[in-house]
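>>> Here is a sequence together with a model predicted from it:
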Amino acid sequence: IREILVGVLCFNTVGRPAQWTSSDLRLFKVVASVYSGSRRREADQQELKRANRKLESIVEFLPDATFVINNRKEVVAWNRAMEELTNIPKSEMLGKGDYAYAVPFYGERQPTLINHFDDVDIGQWRQLYNFVEINSNTLYAESFVPFLNDGQGAFLWLTASALYDENQQVIGAIQSVRDVTYRKKSEQALRNSEERYRRLVETMNDGMGVVSSSGMITFVNDSLCRMLGLGKDEILGSSLESLFPDLLNGGSLAQWHGWQLPPGEAIEMDLPTRNGTTVPARISPAAILDEDGDFLGGFAIISNLTTIREAEANIRKLNENLEQRVADGTRELLGTNAALRQSEARYRRIIESLQGGYIFYSQDTRRVFTYVSPSYRNLLGFDNLEALCLSLGDDLGLVANEDARYRAQKSILGFRQSPWDMHVT
């Protein structure tokens, strides 16, 4: 026991003998003991008050909204952050009992997480909260409360713990409340975005795969599985090198030249499939780096080129067939032209051997004469065909009779005419 000097007890011996009896000494001890105990109790009470003020100061300025109740479930602390969260000043809450601290959150008086020290079954709390976990003397939970934020509600992260005296008797409890609505909405938005992109990746026609920095395949979509003829359980967790042994050529994954390709460029190679065949593919890779530029892994979009290769083969075959058909048609055309020239030559010889005159002209409105037989030229006295054609085409100037000129003009315009007599000058 630590001895502390708390005062001095003096006795006046004036008028009495200076000798103390044993009875006097016992009386002195009793008086000293009583006085010492009183002083100690006063010191303890002062120390307790200082501790309470210190605790109240700590609770008051905690960043999380916090309140404390005693073993009668009366609010004994309601800090500044709690006032801001609930819009209820501490003056309206201090001393309130009967679960009054639940009203700002749930709109009614009911047990909350701070009441877990009442030996309430933990299974009951799991039915009331989205998440509950107990660790030693502390209970953690997550809940949506409908009455905060002007009735819009809020997601709260709750922490509650019982308070004990020096004899391990429960004297109250403390609960901290943190508004995690923004975090929850961000997490939900992230999950929604992730789900949209996952659906996009899963339903895209091209294959996609993700690999870790160690070379382990961590994700593949259904298109890549169909392309290779393998199931996801056969691919996930396997090494990239075991699946595509020719991809790295024994080099380091982090130093693979595919990560250095400019945007828009890709690698074309044949990928092995389950049945031992290969599938032509176009691989567009991209590295995944952290903020320091260190390699974390990568992903690639893999396009099946089988249809494109088949189309290219068909185009080459069509081109070859077209070239052959053009060559055959050219030979046929050349043969036809030769036959026409031979036929023209025969008919020309026949016409030129006749004594009568014959004129051939085009079937448009230009009235261009294309041929006049030699006998006709000789009859009209023209030395060459060009001079005769010009004279005949110049408004039929050589035609003397008007009826013949009219019929000749209609014949040139394409109207069929019966034979007629034409007088020329």
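All right, it came through fine.

>>> going forward, measure contacts between C-alpha atoms and count neighbours the same way
Will do.

>>> Pull stretch 202-218 out as CSV, backbone CA atoms only.
Only the C-alpha atoms of stretch 202-218 are listed here, as CSV (Å, rounded to 0.1, in the frame of the first residue of the first chain):
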residue,chain,number,x,y,z
GLU,A,202,-18.7,-11.5,-72.4
THR,A,203,-20.9,-10.9,-75.4
MET,A,204,-18.4,-9.4,-77.8
ASN,A,205,-17.5,-11.4,-80.9
ASP,A,206,-13.8,-11.0,-80.4
GLY,A,207,-12.0,-13.0,-77.7
MET,A,208,-10.4,-11.3,-74.7
GLY,A,209,-7.9,-12.5,-72.1
VAL,A,210,-6.2,-11.0,-69.1
VAL,A,211,-2.8,-12.1,-67.7
SER,A,212,-1.1,-11.3,-64.4
SER,A,213,2.5,-10.1,-64.1
SER,A,214,3.5,-13.7,-63.4
GLY,A,215,2.0,-14.9,-66.6
MET,A,216,-1.1,-16.6,-65.1
ILE,A,217,-4.3,-16.2,-67.1
THR,A,218,-6.9,-14.6,-64.8
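
>>> pLDDT averaged over it, what's the number?
Stretch 202-218 shows a mean pLDDT of 88 in the predicted model.

>>> Just the buried residues of it, please?
202, 206-213, 215-218 (16 or more other Cα atoms under 10 Å).

>>> out of those, who's nearest Arg309?
For these, the closest approach to Arg309 (Cα to Cα) belongs to Asp206, at 15.8 Å.

>>> Quickly note the distance from the closest one to Glu241.
21 Å (Cα to Cα, to the nearest Å).

>>> ditto for Gly276
17 Å.

>>> Could you check which of those two is surrounded by more residues?
Neighbours per residue (other Cα atoms under 10 Å) separate Gly276 from Glu241, with Glu241 holding more: 17 against 9.

>>> From Gln255, how far off is that one?
According to Cα to Cα, Glu241 stands 14 Å off from Gln255.

>>> Over to Ile134?
Noted for Ile134: a distance of 48 Å to Gln255, by Cα to Cα.

>>> Also Cys225?
Using Cα to Cα, Cys225 is found at 26 Å from Gln255.

>>> And for Gln175?
53 Å.

>>> Glu83 now?
Applying Cα to Cα, the value for Glu83 to Gln255 is 57 Å.

>>> Between the two, point out the one with more neighbours.
Using other Cα under 10 Å, the more surrounded residue of Glu83 and Gln255 is Glu83, with 17 against 11.

>>> So which elements touch the helix or strand Gly329 falls within?
Per DSSP states H and E, Gly329 falls inside helix 306-353. Judged by 3 or more Cα pairs under 8 Å, 6 or more residues apart in numbering; DSSP states H and E, helix 306-353 is in contact with strand 278-289.

>>> what helices or strands is the strand it packs on leaning on?
strand 267-272, strand 295-304, helix 306-353.

>>> hmm, 6 Å instead?
For strand 278-289, the packing partners by 3 or more Cα pairs under 6 Å, 6 or more residues apart in numbering; DSSP states H and E come out as strand 267-272, strand 295-304.

>>> Quick one: list the elements packing against the shortest one.
Using 3+ Cα pairs under 6 Å, 6+ apart, the elements in contact with strand 267-272 are strand 278-289.

>>> Repeat the analysis, applying 10 Å as the threshold.
helix 222-228, strand 278-289, strand 295-304 (3 or more Cα pairs under 10 Å, 6 or more residues apart in numbering; DSSP states H and E).

>>> I'd like these as CSV, with distance to Gly264, mean neighbour count and mean pLDDT appended.
Putting the helices and strands packed on strand 267-272 into CSV (distance: least, Cα to Cα, whole Å; neighbours: other Cα atoms under 10 Å; pLDDT from 0 to 100) gives the following:
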stretch, distance to Gly264, mean neighbour count, mean pLDDT
helix 222-228, 20, 20, 90
strand 278-289, 8, 18, 90
strand 295-304, 12, 19, 90
